[in-house]
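1. need the 3D shape of this:
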Amino acid sequence: MAGGDLEEDSPCPLTDTVINYCISNVSTFCDVDSDGKPVRIRDDAYLPSIICDRMVSTLSKQGAANDDMVRVFCDPSKTKLQRVNLSQSPITNESIHNLSNHKLVELDVSNCALLTEDCLRDILTQKNLQVLNISGCSRVLQKYGFPLFDFPLQKLRSLNIGFIELSATQLHLLLQHLPRLTSVDLSKVIKNGDLACLNIVKDTLKSLVIHDCVLVAASLEYVYQLSALRHLDISVNDQEKLPLTNEILKQMVKSLPCLSSLDISGNTMVYDDDEEDQPDSGFRPKKGKHSDKKQRKVERMQVDKSFGDRKDEDDTETSPINEHGVRSSLEGLRGLTAPLQFLGLLGMEECELEYLPAVRVTGLANEEQILNVIDVYHQRRDFLLKGLNAYFDLLRVIECFKPVWATKVILVAMKRYPKDNQVQISGSASLYHLTRGLYKKHMSIHLKQQIIIVLLTAIENITESVTLLRNCGLTLFNFSIPGDFQFQFERVVKNLVKLALTEDRDGLLQRIYVHMCNSIVCHVEGDQKKLVGKLGIVRCMLQLISDRLEKEVCDEVLETAWSTLWNVTDETSENCEMFLDGNGMNYFLQCRSTFQENPELLRNMMGLIGNVAEVQRLRPQLLAHADVFVDLLSDRSDGIEVSYNAAGTLSHILSDGPEAWTIDTPTRGEVLLAIIKAIDSWTMDTKRNINYRSFEPILRLLPVYHTPEVQYWAVWALANLCTVLPNKYCNLLEKEGGLDRLKAMRDNPRTSEEVKRLIKVTLDLAIGKKMRDVLDV
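-> Next up, the predicted model:
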């Protein structure tokens, strides 16, 4: 797949960036209380409509709009609202009342479940209102007509009352007060096929949506009278399908000359057995029956990998171009004077026809049709789910050419249904594929961040779905860790900690999230490393270790948990203390005795213990286990790693002086001899499985003249590391002032000859590396 075949993503508009920043930092335009919640717009701020409208809309989309927030925006001396979108917000009648302070032009409170019939009076005070959407607000019109008869919104042009229970009488009464309507959505309102209520607006109506309404053939007679109609939607989902014929489509085209958008999704085209003008693109559905869709889909994938439009020279005769230059394989639409801007054919075999006279088509025949489904039907959950599932099926078998568009429309869908398990599972499954390989290279930073936010929201909202949590984890693992997560670092870590403790049948969830925890701690330093400890990573890993000990299972999760602890305690004393306080030493001892045949596990554990030993105030707790560390000096199960870390641990304990050695067995002298014996058994050029970010813990041991054995281990460590990885460690040694410290030791008469020899080896390596660098320049 060539890179040029994929569309590029563009960065987030500056206005959106600024608005998102202000919303995330409300003190930029609001006075806030002691809890940081906004109280009022600041005295030195004024928000014009172009900004205020978008702020409220953004808050709504982020799920942050509520009565308290709306109240902040309802001071007309500080704000101006005209186009308010609070769709799906948990607002109450209070917000509608507060909005009365503004002269609104548009109001969308669709699917605001807490609104009741008492808010209608406040809505009707908005005399300038041109667009009103109360779709899904089941109680707002509950008492309309009983006794309230008036609907004095004379300027109203667009009304959406879909999915509201209204009697035929209420509907007729309502529309009689709105003779100037140009757009009306009556989805699922019509129950008896009676569309006589449309007579009052038949000369003005340009858009009619009667999705999922109970219609009969006679219902269309009222539709044919809407001569100004441009958009008609008679699609169905769970209602009885309207049997359409070519004659009905012909009548639509003839009666509605301005028609540019037609949605007949979910209905059935019926062809008489003797009808000559049946579809002509390779299938002929019989009356009342459809051919095998699955088989045709497989065949289509095999024949046309790109799912592009298929052209057939022989099709010219069966699908002729009409006098207006329009070609249609669907005979009922051949009378169009221009191609439609939109044609909805979801759930209909006709979407597979060769020539469809429309700029945009919804269906399941190819990538573009499917993406149109996800894009157009984001407010229709069942239609949307069909599109999401179909796109996931597509991603698994072919290369797709519109990944950025696909990602954006999938994100819109997942944001709209944040707690819908099926939508989230299907969407996240596609995002997993869209964030891999070449697809990911075409995404902007902003788009990547939006994906991460949506996945985190899904994880937080739906905690019981193992499939969803697995999808989200695998998708998050496709991102650069921790770079892509920095903008929501704390939120990411909190979720990883929670999910790392979530079990599923095959253990994949824990493997994913424990690896992500380890990746996070491997790449953070300083305050961020302290933060991940406070957020629970240390406690989480100890819990996983405890679980594995209880089950006596040594697996990938156990090894990674110890590796994570090794990394999170590196030069972070607070996390080392958390480890000991969390019963860490007991877990160490139990794992050593229970899982004796796992050298990698022991290496990880001893790496961690070495980090703890670097913290002086914690060393007394390690001293009680000195016999264990002495025993490990002779361990060669993983090269010299375990022996090296055991010697390092003991060296740090010994550096506190003879008075700090408060145990009787083993004696301090015995330990010193054992360390010398172990070091002498190591080979200088042994390659290491360790990564030092700093030499400071080792360099602190150089001045320990009261115990030369400690100096011996420290200088041997520096010499070994500079021998096997000179490019990395010689530079690090110089950067941290190690060369000067080694030279001072070399010139000090108290330094032993063996240590001086190792100092010379180290200095020669470092100076030689430096000279080579100069010559290269």
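2. neighbouring contacts of the longest helix belonging to the chain?
-> Ranked by number of residues, the top helix in the chain under DSSP state H is helix 753-776. Here helix 753-776 makes contact (Cβ atoms under 8 Å, 6 or more residues apart in numbering) with 684, 708, 711-712, 715-716, 718-719, 722-723, 726-727, 730-731, 733-734, 739, 742-743, 745-746, 751. Glycine gets a C-beta too; all of them are placed from N, C-alpha and C.
3. next one: the nearest residue to Thr28 once chain neighbours are set aside from Ser57, what distance?
-> Leaving aside its sequence neighbours, Thr28 sits nearest to Cys22 (Cβ to Cβ, 6 or more residues apart in numbering; 4.9 Å). With the distance defined as Cβ to Cβ, to the nearest Å, Cys22 ends up 13 Å from Ser57.
4. ok, Asn101 next?
-> For Asn101 relative to Ser57 (Cβ to Cβ), the value is 18 Å.
5. tell me which of those two has more neighbours.
-> Per other Cβ atoms under 10 Å, whichever of Asn101 and Ser57 has more neighbours is Ser57, with 18 against 14.
6. just to revisit the earlier point, and the residue nearest to Thr28, that one's in a helix?
-> Yes: Cys22 forms part of a helix when assessed by DSSP: H, G, I helix; E, B strand; the rest coil.
7. pretty sure it is touching Phe29, no?
-> Yes: taking Cβ atoms under 8 Å as the definition, Cys22 is a contact partner of Phe29 at 5.7 Å.
8. where does this protein dip in pLDDT?
-> Along the chain, segments meeting pLDDT under 70 span 1-8, 146-149, 273-319, 773-777.
9. quick one, what contacts Lys191?
-> Taking Cβ under 8 Å, 6+ apart, we find Lys191 in contact with Cys213, Val214.
10. so how far is Val423 from the closest residue to Phe383 other than its chain neighbours?
-> Nearest non-adjacent residue to Phe383, counting by Cβ to Cβ, 6+ apart: Tyr377, 3.8 Å away. Distance from Tyr377 to Val423, counting by Cβ to Cβ: 12 Å.
11. so the two - more neighbours on which side?
-> Between Tyr377 and Val423, Tyr377 has the larger neighbour count (other Cβ under 10 Å), namely 24 against 21.
12. could you pull up phi and psi at Val84?
-> With angles defined as degrees, to the nearest 10, Val84 sits at phi -110, psi 120.
13. again but with Ser637, I slipped
-> Here is the backbone geometry of Ser637 (degrees, to the nearest 10): phi -70, psi -30.
14. can you report how many residues lie near it?
-> 16.
15. now do Ile161
-> Ile161, neighbours per other Cβ under 10 Å, totals 25.
16. so it touches Gln142, yeah?
-> No: the criterion here is Cβ under 8 Å, and Ile161 misses it with Gln142 at 11.9 Å.
17. ok, Asn322 - contacts?
-> Ser328, Arg334, Gly335, Leu336.
18. closest one of these to Asn598?
-> Closest to Asn598 out of these is Ser328 (69.3 Å), distances taken as Cβ to Cβ.
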